[in-house]
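Student: Predicted coordinates and the sequence they were generated for:
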Amino acid sequence: MKHLIRTSIGATAALVLGIGLALATPAPDPMKSLSGRPAGADPLNPMTALMARSDEATGGEGNVELGGLPDGPGAEDTYYQCVACHSTEIIKQQRVTDHRWDELWTWMVEAQGMVEPDDQTKKVILTYLKTNFSSER
Ligand code: HEC
């Protein structure tokens with residue numbers, strides 16, 4: 001009987017110690033590795049972990065203060081004209097023809113209600129877009 005009690009005390013002590021250790025080790029949070037991923041990224045897709053984080057997308061190139069737009073004449077005008085409605089990502093990923101940029105501008109004004117700046121600023125912005133995000137150069 002004495003032996004039995006001693007065994008069960010030992011077992012209880014081991015159990016308590018075990019639980020203590022388990023609680024002390026922080027469980028890895030699987031959602032942590034997904035934070036900052038593009039919205040809608042599939043967490044079951046193994047490539048998700050490798051996808052660019054939105055906060056790292058500008059890595060090194062471009063002006064961080066202008067949403068990663070490359071510096072140059074018109075960068076600031078472009079930033080303030082365009083981020084009223086969406087991020088610079090949608091611009092940076094474009095490689096379209098010069099003509100397409102003119103069309104996109106018209107579409108942004110007519111279909112999306114973009115307020116047009118004065119002609120000079122419009123010219124500066126379109127030149128900037130065609131210089132940096134064109135498929136023609
Ligand atoms: C008044 C709001 C507004 C402004 C200002 C605006 N956009 Fe947009 N833009 C939109 C909307 C809305 C979409 C569609 C987003 C979507 O796909 O849901 C869009 C989409 C785009 C696209 C993607 C087009 C495609 O082929 O899918 C580009 C490129 C773009 N905008 C560039 C610009 C640029 C460059 C500027 C600044 C000169 C600008 N936008 C300013 C509202 C705006």
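Tutor: Yes, it's here.

Student: Residue 91 sits in which helix or strand?
Tutor: helix 89-92 (DSSP states H and E).

Student: in that helix, what counts as buried?
Tutor: 91-92 (16 or more other Cβ atoms under 10 Å). C-beta coordinates here come from the backbone N, C-alpha and C atoms, glycine included.

Student: what residues are up against the closest residue to residue 81 other than its chain neighbours?
Tutor: Spatial nearest neighbour of residue 81, excluding adjacent residues (Cβ to Cβ, 6 or more residues apart in numbering): residue 125 at 5.7 Å. Taking Cβ atoms under 8 Å, 6 or more residues apart in numbering, we find residue 125 in contact with 74, 77-78, 81-82, 117.

Student: do residue 121 as well
Tutor: 77, 81.

Student: And it, how far from residue 28?
Tutor: 50 Å (Cβ to Cβ, to the nearest Å).

Student: burial of residue 68, as a residue count?
Tutor: Taking other Cβ atoms under 10 Å as the criterion, the count of residues near residue 68 is 19.

Student: whoops, residue 81 was the one
Tutor: Around residue 81 there are 21 residues (other Cβ under 10 Å).

Student: Settle this for me: it is touching residue 124, isn't it.
Tutor: No. Under the criterion of Cβ atoms under 8 Å, residue 81 is not in contact with residue 124, lying 9.7 Å apart.

Student: can you give me the helices for this structure?
Tutor: Taking DSSP state H as the criterion, the chain contains helices spanning 2-24, 75-82, 89-92, 98-110, 119-132.
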